[in-house]
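K.L.:
Okay, predicted coordinates and the sequence, questions at the end:
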Amino acid sequence: MPGFTAYVGFYEICSPKKGEFIVGQLAKLHGCYVVELLKEKFGFDAAFNHKGEPDLTAALKSVLLRKHFPEGIDIYFENVGGLMFDAVLLNMRVHGRVAVCGMVSQRGVSVPAGIHNLFCLISKRIEMKGFITSTYGRIVHVEDMNVGLESGPAAFVGPFSGKNVGMQVVCVSQD
């Protein structure tokens with residue numbers, strides 16, 4: 001339920017205010033300044049691809065923070081984990097909020113990446129809350145539909161490489 005996960009994390013956990021700096025599509029609709037991978041598709045203000053950067057902290061500072069978020073990030077929706085989460089913690093604003101619903105970069109790794117910047121939670125008074133959507137009920141969500149059984153393998157790995165939008169579904173037959 002990616003759409004519902006975003007809704008709960010955004011509205012229930014992070015409680016955004018107009019003009020804040022955040023990552024995510026719902027934030028744009030709420031009047032916040034938004035940065036996201038798919039800026040052309042969703043009309044976001046700026047974009048950042050964490051997968052192609054060797055030093056995420058430096059990339060965040062040079063690409064996003066200097067130009068768009070000079071005082072840091074107010075709200076972060078954590079579902080990547082590892083090095084990305086560590087870099088974001090360093091670049092959060094005082095009294096920032098983090099909604100944690102997953103850490104996909106840590107799935108299937110034998111030695112998960114440690115988070116070294118947790119002290120930022122204290123020094124910046126950051127609120128961080130983990131959640132699962134089953135606690136909040138049901139809502140209609142976006143599906144990324146693939147047609148044909150042969151599309152199954154690509155549909156399975158797509159979410160792990162950022163190639164889908166919404167819930168990944170394979171339609172075996174349209175008959």
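P.N.:
That came through, no problem.

K.L.:
Secondary structure element holding residue 96?
P.N.:
Per DSSP states H and E: residue 96 is located in strand 92-100.

K.L.:
Tell me which other helices or strands the following helix or strand past that strand touches.
P.N.:
Next in sequence after strand 92-100, counting helices and strands by DSSP H and E, comes helix 120-123. Judged by 3 or more C-beta pairs under 8 Å, 6 or more residues apart in numbering; DSSP states H and E, helix 120-123 is in contact with helix 82-90. C-beta coordinates here come from the backbone N, C-alpha and C atoms, glycine included.

K.L.:
okay, the angle between the helix it packs on and strand 92-100?
P.N.:
Angle between the axes of helix 82-90 and strand 92-100 is 140 degrees (criterion: axes from the mean of the first three to the mean of the last three C-alpha atoms, to 10 degrees).

K.L.:
Would you indicate which residues of the strand holding residue 96 are buried?
P.N.:
Residues 92-93, 96-100 are the ones in strand 92-100 that count as buried (16 or more other C-beta atoms under 10 Å).

K.L.:
Stretch 9-20 now?
P.N.:
In stretch 9-20, counting by 16+ other C-beta under 10 Å, buried: 9-10, 13-14, 16, 20.

K.L.:
same deal with stretch 119-129?
P.N.:
120-121, 124, 126, 128.

K.L.:
how about JSON lines for these, with pLDDT added?
P.N.:
Below are these laid out as JSON lines (pLDDT from 0 to 100):
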{"residue": "120", "pLDDT": "96"}
{"residue": "121", "pLDDT": "96"}
{"residue": "124", "pLDDT": "97"}
{"residue": "126", "pLDDT": "97"}
{"residue": "128", "pLDDT": "94"}
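
K.L.:
quick one: which of those residues is nearest residue 105?
P.N.:
residue 128 (17.3 Å; C-beta to C-beta).
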